[in-house]
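> below are the sequence and a predicted model; questions follow.
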Amino acid sequence: MSTPLIEFRGTGKTFGAAGKVVTALDGVDLSIDAGEIYAVIGHSGAGKSTLVRLINALERATSGSVLVDGVDITHLPERRLRQVRLGIGMVFQQFNLMRSRTVFGNVAYPLKIAGWAKADREKRVAELLNFVGISDKAWQYPDQLSGGQKQRVGIARALATNPKILLADESTSALDPETTGEVLRLLKRVNSEFGVTIVVITHEMEVVREIADRVAVLKDGRVIEHGPVRTVFAAPKEPTTQRFVETVLRARPDDDDLARIRERHPGRLVIAKVSDDRRIGSVLSEATSRYDVRFEVVHGGVKELGSTSFGSLTLELIGADSAVDELIADLRTTTDVEELA
Ligand SMILES: Nc1ncnc2c1ncn2[C@@H]1O[C@H](COP(=O)(O)OP(=O)(O)OP(=O)(O)O)[C@@H](O)[C@H]1O
């Protein structure tokens, strides 16, 4: 059985500002297991940052509770929070490095605060810089680094004191897609090699797909859907989740795509859902030969997720109308098929 390392129990958080009450989180129940990578996705203002800030008690819940490693931190006195926070590292979108210190100085800083001896600090920083692949930059200043390198420093610093938990708040939002990929792969290594539990906050479903084991979708301070990433991608229930999944797959041709497709493909167009367990390829080729219908793939939207693929294909079906009808009916016994008007 997996052990919850972080638990939200009916957690709420309101802010009072200028006489108005803002509800940032409302009755959140979530349980994050030791050793997993858990993503929290939502649009701006959904409450993501507030959720992570509750984990290291930078904010306090106004209702319900938050447990970290079995300790209810909701009302824990400040002096006891120090211990909890030592077990939690954090990486930020804007890196938050100290410009006046070198890479070495930035990574060594939390060790200094924690009272490590100089020789131990030096050894640990060297290890960390080696792990994140920037040993050669130790004596450079943040301004001399690229965005990806800065985030590597951020990750090394967050890991310095060997935390059990790493919170990554939009940690790749300021990076280009290629650098984002590198940073996400690094976070995956942090998880697999050190067993660090990672909570990733993002508004990009692609980040969720690349890195997370499970995901929660946050909307207006509430968790509207959660589960294994594979399940959520294969069968998103809520419209908000469906739209997030669509952004990764670009599964449906948009209006412009469709106009272009129509010009060249006069046959009937259908969108068929694809996932490995449905073996759509063999079903299609078998059915098309049985009904004497030809097909052509006119728009793709299939992605890998772990070892499985999922998404949808837009197909042109060419043949007698009645045969195409029968083929569609047959396909519908295997997967979801939508005919485009
Ligand atoms: N200190 C605060 N005082 C007042 N309102 C706040 C405060 N912090 C957050 N809020 C409000 O709480 C809600 C949730 O904010 P939060 O920053 O957690 O959302 P988010 O999902 O992280 O958004 P973003 O992606 O834009 O960072 C918003 O309506 C925000 O305006």
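Perfect, I can see it now. Numbers count the residues shown, from 1 in each chain.

> can you pull out the strands in the stretch 51-200 of the chain?
63-68, 71-72, 88-92, 165-169, 197-202 (DSSP state E, counting those that start in this stretch).

> for residue 189, which of these is the nearest?
Minimum separation from residue 189 across these (CB to CB) falls at strand 197-202, 10.9 Å. Where you see a C-beta, it was placed from the backbone N, CA and C, and this is true even at glycine.

> and the closest one, how far out from the chain middle?
7 Å (CA atoms, centre = their mean, to the nearest Å).

> do the same with stretch 127-134
For stretch 127-134 - counting by CA atoms, centre = their mean - the centre lies 24 Å from the chain centre.

> quick one: neighbours of whatever residue of the stretch 151-300 of the chain ends up closest to the ligand, just the number.
When scored by CB to the nearest ligand atom, the stretch 151-300 of the chain has residue 203 as its residue closest to the ligand, at 5.8 Å. Here the number of neighbours of residue 203 (other CB atoms under 10 Å) works out to 17.

> give the contact list for it.
41-44, 48, 170, 173 (CB atoms under 8 Å, 6 or more residues apart in numbering).

> got the residue ranges for the helices in the chain?
For the chain, helices defined by DSSP state H occupy the ranges 48-55, 78-86, 103-113, 118-132, 147-159, 177-194, 205-211, 229-234, 239-249, 255-264, 280-291, 321-331.

> as TSV, the ones you listed with mean neighbour count, distance to residue 338 and mean pLDDT would be great.
As requested, the helices of the chain are exported to TSV (neighbours: other CB atoms under 10 Å; distance: least, CB to CB, whole Å; pLDDT from 0 to 100):
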stretch	mean neighbour count	distance to residue 338	mean pLDDT
helix 48-55	23	32	95
helix 78-86	12	50	89
helix 103-113	20	52	95
helix 118-132	16	45	97
helix 147-159	24	40	95
helix 177-194	16	30	93
helix 205-211	23	21	90
helix 229-234	20	16	87
helix 239-249	17	13	84
helix 255-264	12	13	87
helix 280-291	16	14	82
helix 321-331	16	10	89
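
> so who does residue 174 touch?
93-95, 147.

> out of these, which is most surrounded?
In the contacts of residue 174, the most neighbours by other CB under 10 Å go to residue 95, 20 neighbours.

> what does the stretch 201-341 of the chain have sitting close to the ligand?
residue 203 (CB under 6 Å from any ligand atom).

> and for residue 166, the neighbour number?
23.

> state the distance from it to residue 300.
35 Å (CB to CB, to the nearest Å).

> quick check, residue 248 in contact with residue 210.
No - taking contacts as CB atoms under 8 Å, residue 248 lies outside contact range of residue 210: 9.5 Å.

> got any residues that touch both of the two?
By CB under 8 Å, 6+ apart, no residue touches both residue 248 and residue 210.

> what about burial for the contacts of residue 203, which qualify?
The neighbour-count test (16 or more other CB atoms under 10 Å) applied to the contacts of residue 203 identifies 41-42, 48, 170 as buried.

> hey, C-alpha coordinates of stretch 332-341 in CSV?
In CSV, the C-alpha atoms belonging to stretch 332-341 read as follows (Å, rounded to 0.1, in the frame of the first residue of the first chain):
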residue,chain,number,x,y,z
ARG,A,332,-18.6,2.1,-32.9
THR,A,333,-18.6,-1.3,-31.2
THR,A,334,-14.9,-0.8,-30.7
THR,A,335,-14.3,2.9,-30.1
ASP,A,336,-15.9,6.3,-30.0
VAL,A,337,-16.6,7.6,-33.5
GLU,A,338,-17.9,11.0,-34.4
GLU,A,339,-18.9,12.0,-37.9
LEU,A,340,-18.1,15.5,-38.9
ALA,A,341,-20.9,17.4,-40.6
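
> what sits up against that stretch?
258, 268-275, 278-280, 283, 314, 328, 331.

> hmm, try it at 10 Å
235, 252-253, 258, 261-262, 268-275, 277-280, 282-284, 287, 312-315, 317, 324-325, 327-331 (CB atoms under 10 Å, 6 or more residues apart in numbering).

> picking up where we left off before, want to try a markdown table for the contacts of residue 174, with distance to the ligand as columns?
Formatted as a markdown table, the contacts of residue 174 follow (distance: CB to the nearest ligand atom, whole Å):
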| residue | distance to the ligand |
| --- | --- |
| 93 | 9 |
| 94 | 12 |
| 95 | 16 |
| 147 | 19 |
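
> sorry, back to before: out of the helices of the chain, nearest to residue 304?
helix 205-211 (8.8 Å).

> which other helices and strands contact that closest one?
Helices and strands touching helix 205-211, by 3 or more CB pairs under 10 Å, 6 or more residues apart in numbering; DSSP states H and E, are strand 37-41, helix 177-194, strand 197-202, strand 214-219, helix 229-234, helix 239-249, strand 302-305.

> format those as TSV; extra columns: distance to residue 69.
Compiled in TSV, the helices and strands packed on helix 205-211 are given as follows (distance: least, CB to CB, whole Å):
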stretch	distance to residue 69
strand 37-41	15
helix 177-194	16
strand 197-202	10
strand 214-219	18
helix 229-234	24
helix 239-249	30
strand 302-305	30
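
> nearest to residue 134 among the ones you listed would be which one?
Of the helices and strands packed on helix 205-211, nearest to residue 134 by CB to CB is helix 177-194, at 10.5 Å.

> what is the closest one packed up against?
Looks like helix 177-194 contacts strand 37-41, strand 88-92, helix 118-132, helix 147-159, strand 165-169, strand 197-202, helix 205-211 (3+ CB pairs under 10 Å, 6+ apart).
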